[in-house]
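1. Could you look at this predicted model? Sequence included:
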Amino acid sequence: MKRVVVLASGRGTNFEALAKELKEEVKALIVDRDCGAIERAKRLGVPYIKLEKPWQDSLRRALRDGNYDLIVLAGFMRIIPEDIVREFYPKIVNIHPAILPAFPGIDSIKRAYEKGVKLTGITIHIVTEKVDDGPIILQRGVYVKDDWDLKRLESAIHRVEHIWYPRVVRKLLYDRWEIKGGKVIFL
């Protein structure tokens with residue numbers, strides 16, 4: 001059985017979607033602070049680790065000790081140190097609430113909404129040393145309707161995340177793939 005760890009800092013909705021879909025594979029949740037993801041982990045029976053200071057050393061130990069096949073970021077609001085990215089590359093995966101390269105970094109949904117874009121969405125990618133810049137695994141669009149407010153857009157994007165992130169993680173775990181031309185290609 002494959003081993004997945006999920007890193008989160010917030011409400012934990014993507015963590016829950018992953019844990020429900022990949023019940024056997026999700027072995028742990030790692031958090032960097034008290035957050036809603038912890039309550040979801042308790043409810044779902046998933047062990048969790050709260051990082052100690054310095055969080056980078058604590059994270060490094062937890063990842064090494066866990067011997068995970070895949071490290072899945074789900075709203076983890078810290079930049080992973082370069083040495084950890086290099087050590088575990090290409091096993092760290094992130095989901096971003098925009099179609100990269102548009103709106104990298106934080107507050108992507110809000111920035112897209114304020115700009116008035118008609119198409120935004122999600123990007124699932126391999127983590128590299130550069131923020132929101134790794135090889136793309138999957139992108140899915142969300143068309144923004146004229147009568148949507150920010151909350152409605154956030155809800156639509158999260159629905160797409162909750163559908164596609166578990167599917168992509170499963171494919172990464174069980175299918176053959178390689179990185180070519182800045183993208184992940186399934187063989």
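-> That came in fine, so what should we check first?
2. What is the lengthiest helix in the chain packed up against?
-> Longest helix in the chain, counting residues (DSSP state H): helix 150-174. On a contact count with 3 or more C-beta pairs under 8 Å, 6 or more residues apart in numbering; DSSP states H and E, helix 150-174 meets helix 13-21, strand 70-73, strand 92-96, helix 108-115, strand 119-126, strand 136-143. Where you see a C-beta, it was placed from the backbone N, CA and C, and this is true even at glycine.
3. Take these and lay them out in JSON lines including mean pLDDT.
-> As requested, the helices and strands packed on helix 150-174 are arranged in JSON lines below (pLDDT from 0 to 100):
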{"stretch": "helix 13-21", "mean pLDDT": "98"}
{"stretch": "strand 70-73", "mean pLDDT": "98"}
{"stretch": "strand 92-96", "mean pLDDT": "98"}
{"stretch": "helix 108-115", "mean pLDDT": "98"}
{"stretch": "strand 119-126", "mean pLDDT": "98"}
{"stretch": "strand 136-143", "mean pLDDT": "98"}
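4. among the ones you listed, which is nearest Asp83?
-> Comparison of the helices and strands packed on helix 150-174 against Asp83 by C-beta to C-beta identifies strand 92-96 as nearest, at 12.3 Å.
5. Give me the sheet partners of the closest one and which way each runs.
-> Partners of strand 92-96 in the sheet, by DSSP bridges, are strand 70-73 (parallel), strand 119-126 (antiparallel).
6. Leu63: which of those is closest?
-> Across the strands paired with strand 92-96, Leu63 has its closest neighbour in strand 70-73 (6.3 Å, C-beta to C-beta).
7. List the buried residues of the longest helix of the chain.
-> Buried residues in helix 150-174, counted by 16 or more other C-beta atoms under 10 Å: 153, 156-158, 160-162, 164-166, 168-170, 172.
8. What's the first helix or strand after that helix?
-> For helix 150-174, the following helix or strand on the C-terminal side (DSSP states H and E) is strand 177-180.
9. residue contacts, Glu161?
-> Counting by C-beta atoms under 8 Å, 6 or more residues apart in numbering, Glu161 touches Thr13, Asn14, Ala17, Ile95, Pro97, Ile122.
10. how close does it sit to Val168?
-> Going from Glu161 to Val168 by C-beta to C-beta, to the nearest Å gives 10 Å.
11. can you pull up the bridge partners for the closest residue to Leu100 other than its chain neighbours?
-> Using C-beta to C-beta, 6 or more residues apart in numbering and skipping the chain neighbours, the partner closest in space to Leu100 is Thr123 (4.3 Å). Thr123 forms beta bridges with His96, Gln139, as assigned by DSSP bridges.
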